[in-house]
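> okay, predicted coordinates and the sequence, questions at the end:
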Amino acid sequence: MAQDINKLLESLSPLEIKILPYLNLTIEEIKQKTQLDNTSVLRALKFLENKSILKVETAKKKIIELGINGIYYKKNHLPERKLLLLLEQSNHIQIEEAKKLSKLSDNEFKVSLGVLKSKALIEIKNEKVSLTAKKEELTKKTLEEKLIEALPLEFDSLQPEQLYAFQVLQKRKDIIQIEEKTIVSFKLTELGKQIAGREIKLDLIEELTPEIIKNWKKNKKFRSYDITSPVPAIYGGKKHFVSQAGEYARQIWRDLGFKEMTGPKVETSFWVFDALFTPQDHPAREMQDTFFIKNIPGSLPKDKALVKKVKEAHEKGLAGSKGWRYEWTEEEASKILLRTHTTAISARTLAKLDKKELPAKFFAIGRCFRNETVDWSHGFEFNQTEGIVVDKNANFRNLLGYLKEFFTKMGYEKILFRPSFFAYTEPSVEIAVWHPEKKVWLELGGAGIFRPEVVIPFFGEYIPVLAWGPGFDRSIMMNYNINDLRQVYSNDIEMLRKIKPWLK
Amino acid sequence: MAKIKFNRKEFEKEIKLTKEIEEKITLFGTSLESLTDEEIEVEILPNRPDLLSLQGFIKALKAFLGKETGFVKYKVNKPEKDYSIKIDPALKNIRPCTACAIVKGIDFNDAKIKVIIDLQEKLHATVGRNRKKLAIGIYPLEKINLPIRFEARTPKNIKFIPLEETRELDGMQILQRTSTGRTYAHLLENLDKFPVFVDAKNKILSMPPIINSDETGKITEQTKDVFVECSGFDFETLKKTLNIIVTTLADMGGQIYQMNLGKMATPDLTPEKMKISLENTNKLLGLDLKESDIQKLIPRMGCNYSDGKVEIPAWRTDVLHEVDIIEDIAIAYGYNNFIPEIPKVATTGAADIKEKYKTKIADLLAGLGLLEISSYHLIKPSEEEDKNLIEVVDSKTEYKFLRPSLLPSSLRTLAENKDNEYPQNLFEIGTVFSKNAEAETGIKETENLIISLTPGNFTQIKQILNYLTKNLEINYEIESSVHPNLIEGRTASIKINDNKVGYIGELHPQTLKEWNIKMPCSVLEISLEEIFKILEN
């Protein structure tokens, strides 16, 4: 037990040690004895409470205090006392003269006359004021004066006489006021009673300094900290959560043997649409959905043979295909726009790829754009994860295999593949994942095998190219429990500081 | 993509809905969007306009479920006397093509009229590209005198009472004074002559793709026989779309009659034949199907198979190539029945070198306690004074310009976070855009880095520049300069290998005040391209 107490004493902070000798006193007395301010004393008490030495109690109480006039009168007598003192000097004087000599204000003078009359200490006759009180009555303090001296007092503790004086003074201007106050007090615990009043002269090390290290002596003791007490928050530097998620996804693709590809965000329609067998009258190419760029002309790729083949694929079809049967124009294909999907990067990669390098696998993660208004589920920018596998032996089951592997690693337990349609893939797939909390299938986006009309212009023959470009933001939102897409792009610093790191 | 609602009662007359059927509907590629006591809503993909009517959808779904596989063969009657259309060569650059038919003996009622009008609207919106590529007209035959002419006329010479109007209007007035006219006026913009269908008594039936005549262009419950036309630019599309309409009308009890269009007659429901290779199918799908399997699977998608050939019904618009049939086989096989498999092909994964360097730089900066932000690539007009900005067309938000630097978005972030705890030390790595006539797109994209310290001064931001460049083993020079947003005398250009790559300095109180930022802020922005070059060597 004694040991426990010693340990406890060693853990006291300087502030606690300072008030420990006076714990048998009241808070007001502690403040006087220690010369600590209110906050420090309260903090020390709180620390001691954490150590079960005492129990801090708070109570709301009505306190009667002096008002502005009250404070003044306490120092300089109440007006009626001033008048009495004057009359003691010069009795039987004219009212006007009494007023002048007393230096009281109109109001003070009027009140004073009323008070003294009601107490039968004076009388007024023929415009003259005279004392009627006996000598001992004059020296005795009035009930009001006694109350003023005794303040502050709790309302509940007032004696009947004090209560009378309180009611009288309350009618007068700003002499007293009632305040609702939180009164802090404390009670010692059994443990507290054992140690209260002790003066500790332990020679404990507070903060370790280079000096102490240099002059280190054995047997010196450290003050123990209250290791449970809260500390102020700090925030470190951090990468954006979208970057963290992107790095994780990149790692998955690299582990699966994919090379990273990149491409411009501003593209010609050729790479976004035409090279991907999207007809020039396709709704996706209309202004209302796509960000075209004003007044800047783009140009077609220098590879004229490629352009010719693409034109042919659209107009007449290639390798048994019927094509879209319309007049394909270079003008439409040269329009520039913000890429609507990362598949434009795949198209550029295929154009550069040498057949000798097959089989080849590529991935990209990148920002895409669409001309949309912004709400909780839409935005004009979004992230996609793109991938292609170029391999003469690649097949539909492989496509599903890569997708399943990726989304399993992204943390989805149930993945569903449904038929879908894209102008540039056949067969096409829609990927949906199960949201275990919302209990719905979430559509993440599309995949498929590039059509011969897409591939032949690049390679001169049909080589299956597995391709996918599902959105990435929904995965991020699901991981972080973000329900509003706008938060992903808002740069709310508090959120960025507090959001957990990507832990997959 | 189109979401279509069908009457559930009508639907269930043909196919009873169970949990299993609901799942099958999704596996058919027509995702079940919602289901109430009255309605069933499905999503029809744009390659299958033939599923846009209840009749078309039921036919296809019955085949998929194995109930009535293959496709229905409709009787197509030869043209009767005067069942013909004369096409004016002057339409060549206006609206050159039409495909027409007559369907007789339909008992129209409210429900049937609604089905056919819904179908017409959905076809306009999808394959019709909002009537630009194709527009459809359906007319009560009893009000019309055959034969019909499809001709080009000056707007002044077009006079009729348009549908739901009371007065006769001329061609131009129709575009100006009717709501449909105003909606689609752009489709006839800059044309001297407009297309019209005219009957044998010179009555105008319609002015496609805008509006029908009130007298001859409205089907009612009294209508028994109809004249159907599709007009537009691609005859193949018109024919297929006409086929979708006439077969739907035939499903309602109608008899299909051809019309002569000069050398040929429409509709033509002769199925198309296409070769299908079992080997290609198995190779592309990764399956081991036998001919007997595809013989069963193909009819489930509403086609017929015999002897290495597929017969495709004349209303399917989506089959361009063998791969389209292979997808049908995959859907019939069931996407849920494929076993996903990653092949054992050895390839080496690798990061893009610039992406790798960007990650390293971000790591260094995060290590210094900086917080990464990620902003839009578009900025608002008020956020940049430079007048030579790259603008997007008709943005639906206030973000209209491609960012020429990362400064506006950093300042926006600081302004939006002025009530959050300081210090706010931020960085961003992102693409900025500038005009460049030499680039394929006319625009040059560079990767930039911006760092801002708030509160922060010149010394502190320069310390970070030193730390970063030392770690990357890059030498830089600094040269006094001016920047519209920075305090003169506390501003410098950063040079690497004699190339100016960025600026560093303290933000001017005028700028801070304009952005409503209340704290001093120092900033640096550099293009990373030069650094990438050095690191790569």
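Looks like it arrived, so ask away.

> what residues does the stretch 101-250 of chain B have near chain A?
By C-beta under 8 Å from any C-beta of the partner chain, the residues of the stretch 101-250 of chain B that approach chain A are B:129, B:132-133, B:233-234, B:236. Every residue, glycine included, has its C-beta placed from N, CA and C.

> just the buried members of these?
Buried by 16 or more other C-beta atoms under 10 Å in any protein chain shown: B:129, B:133, B:233-234, out of those.

> element containing residue 12?
Went with chain A since none was named. Per DSSP states H and E, A:L12 falls between elements, in no helix or strand.

> if you could check chain B rather than the one you did, that'd help
Here B:E12, judged by DSSP H and E, is contained in helix B:8-14.

> again with A:L48
Assigned by DSSP H and E, A:L48 belongs to helix A:38-50.

> and that helix, what's buried?
Using 16+ other C-beta under 10 Å as the test for burial, helix A:38-50 gives A:41-45, A:47-49.

> quick one: those as JSON lines, columns for distance to chain B and pLDDT too.
Shown next, in JSON lines, are these (distance: C-beta to the nearest C-beta, whole Å; pLDDT from 0 to 100):
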{"residue": "A:V41", "distance to chain B": "29", "pLDDT": "90"}
{"residue": "A:L42", "distance to chain B": "26", "pLDDT": "89"}
{"residue": "A:R43", "distance to chain B": "23", "pLDDT": "89"}
{"residue": "A:A44", "distance to chain B": "28", "pLDDT": "89"}
{"residue": "A:L45", "distance to chain B": "29", "pLDDT": "91"}
{"residue": "A:F47", "distance to chain B": "26", "pLDDT": "88"}
{"residue": "A:L48", "distance to chain B": "31", "pLDDT": "90"}
{"residue": "A:E49", "distance to chain B": "29", "pLDDT": "90"}
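
> now for those residues, which pair is the farthest apart?
By the measure C-beta to C-beta, A:V41 and A:E49 form the most distant pair in those, at 12.5 Å.

> was I right to think A:T278 contacts A:R285?
Yes. The criterion here is C-beta atoms under 8 Å, and A:T278 meets it with A:R285 at 7.0 Å.

> from B:L453, how far off is the residue in chain A sticking out farthest from the centre?
Distance from the C-alpha centroid of chain A, by C-alpha atoms, centre = their mean, peaks at A:N126 (77.0 Å). Relative to B:L453, A:N126 is positioned 85 Å away (C-beta to C-beta, to the nearest Å).

> also A:K322?
62 Å.

> could you do B:Y333 as well?
In terms of C-beta to C-beta, B:Y333 sits 61 Å off from B:L453.

> between A:K322 and B:L453, which has more neighbouring residues?
Looking at A:K322 and B:L453 with other C-beta atoms under 10 Å in any protein chain shown, you find the greater number of neighbours at B:L453, namely 24 against 16.

> what does the pLDDT read for that one?
B:L453 is assigned 97 on the pLDDT scale.

> quick one, domains of the chain?
Chain wasn't specified; assuming chain A. For chain A, the structural domains run A:2-53+A:189-222, A:68-159, A:241-498, going by automatic domain parsing.

> try again with chain B
Domain assignment for chain B by automatic domain parsing gives B:2-64, B:76-266, B:272-337, B:353-536.

> re earlier: among the domains of chain A, which is the most enclosed?
Burial of the domains of chain A is given as mean neighbour count (mean count of other C-beta atoms under 10 Å in any protein chain shown); domain A:241-498 ranks first at a mean of 19.

> and that one, what's its mean pLDDT?
For domain A:241-498, mean pLDDT rounds to 94.

> what about that domain, how long is it end to end?
By C-alpha to C-alpha, to the nearest Å, the extent of domain A:241-498 from end to end equals 11 Å.

> give me the distance from that domain to the chain's centre.
36 Å (C-alpha atoms, centre = their mean, to the nearest Å).

> chain center to the strand or helix carrying A:F109: distance?
Assigned by DSSP H and E, A:F109 belongs to helix A:106-118. Offset of helix A:106-118 from its chain centre (C-alpha atoms, centre = their mean): 60 Å.

> what's it in contact with?
Residues from elsewhere that reach helix A:106-118 (C-beta atoms under 8 Å, 6 or more residues apart in numbering or on different chains): A:78-80, A:82-84, A:95, A:98-99, A:102, A:104, A:122-124, A:129, A:172-173.

> take those and keep only those in strands.
Among the contacts of helix A:106-118, the ones falling in strands (DSSP state E) are A:122-124, A:129.

> and which of these is nearest to B:L91?
Using C-beta to C-beta, A:I124 comes nearest to B:L91 of the ones in strands among the contacts of helix A:106-118, at 120.0 Å.

> okay, and the beta partners of that closest one?
Beta bridges link A:I124 to A:V129, judged by DSSP bridges.

> which ones are touching it?
When contacts are counted by C-beta under 8 Å, 6+ apart, A:I124 touches A:95, A:113, A:117, A:130.

> just the residues you listed now: which is nearest chain B?
Chain B has its nearest neighbour among the contacts of A:I124 in A:L113, at 59.0 Å by C-beta to the nearest C-beta.

> ok, back up a step: which among the domains of chain A is found nearest to B:I461?
Nearest to B:I461, of all the domains of chain A, is domain A:241-498, at 18.4 Å by C-beta to C-beta.

> any idea where the strands of the stretch 401-504 of chain A begin and end?
Taking DSSP state E, counting those that start in this stretch as the criterion, the stretch 401-504 of chain A contains strands spanning A:415-419, A:425-435, A:440-450, A:465-468.

> what's the local residue count around B:G66?
For B:G66, the count of nearby residues is 12 (other C-beta under 10 Å).

> quick check, it in a strand?
No. Counting by DSSP: H, G, I helix; E, B strand; the rest coil, B:G66 is not found in a strand; it is coil.

> which residue comes closest to it once chain neighbours are left out?
B:R300 (6.3 Å; C-beta to C-beta, 6 or more residues apart in numbering or on different chains).

> touching, the one you found and B:A332? I think so.
Yes. The criterion here is C-beta under 8 Å, and B:R300 meets it with B:A332 at 4.1 Å.

> so what's the closest residue to A:D303 other than its chain neighbours up against?
Excluding its sequence neighbours, the residue lying closest to A:D303 (C-beta to C-beta, 6+ apart) is A:A351, at 6.9 Å. Listed by C-beta under 8 Å, 6+ apart, the contact partners of A:A351 are A:275, A:301, A:303, A:306, A:458.

> please name the nearest non-neighbouring residue to the last one.
This points to A:F458. Closest residue in space to A:F458, ignoring its immediate chain neighbours: A:L350 at 4.5 Å, by C-beta to C-beta, 6+ apart.

> the nearest residue to A:T268 once chain neighbours are set aside and B:V393: what is the separation?
Nearest non-adjacent residue to A:T268, counting by C-beta to C-beta, 6+ apart: A:G298, 4.1 Å away. Relative to B:V393, A:G298 is positioned 14 Å away (C-beta to C-beta).

> try A:H92
A:H92 is 102 Å from B:V393, by C-beta to C-beta.

> what of B:R412?
23 Å.

> of those two, which one has the most company?
In this view B:R412 and B:V393 are compared by other C-beta under 10 Å, and B:R412 has more residues nearby, 19 against 16.

> and the pLDDT for the more buried one?
Per the predicted model, pLDDT is 96 at B:R412.

> hmm, back to that, ok, the residue nearest to A:F458 touching A:L358?
No. Using C-beta under 8 Å, A:L350 is not in contact with A:L358; the gap is 11.0 Å.

> shared neighbours, the two?
Counting by C-beta under 8 Å, 6+ apart, the residues touching both A:L350 and A:L358 are A:V390.
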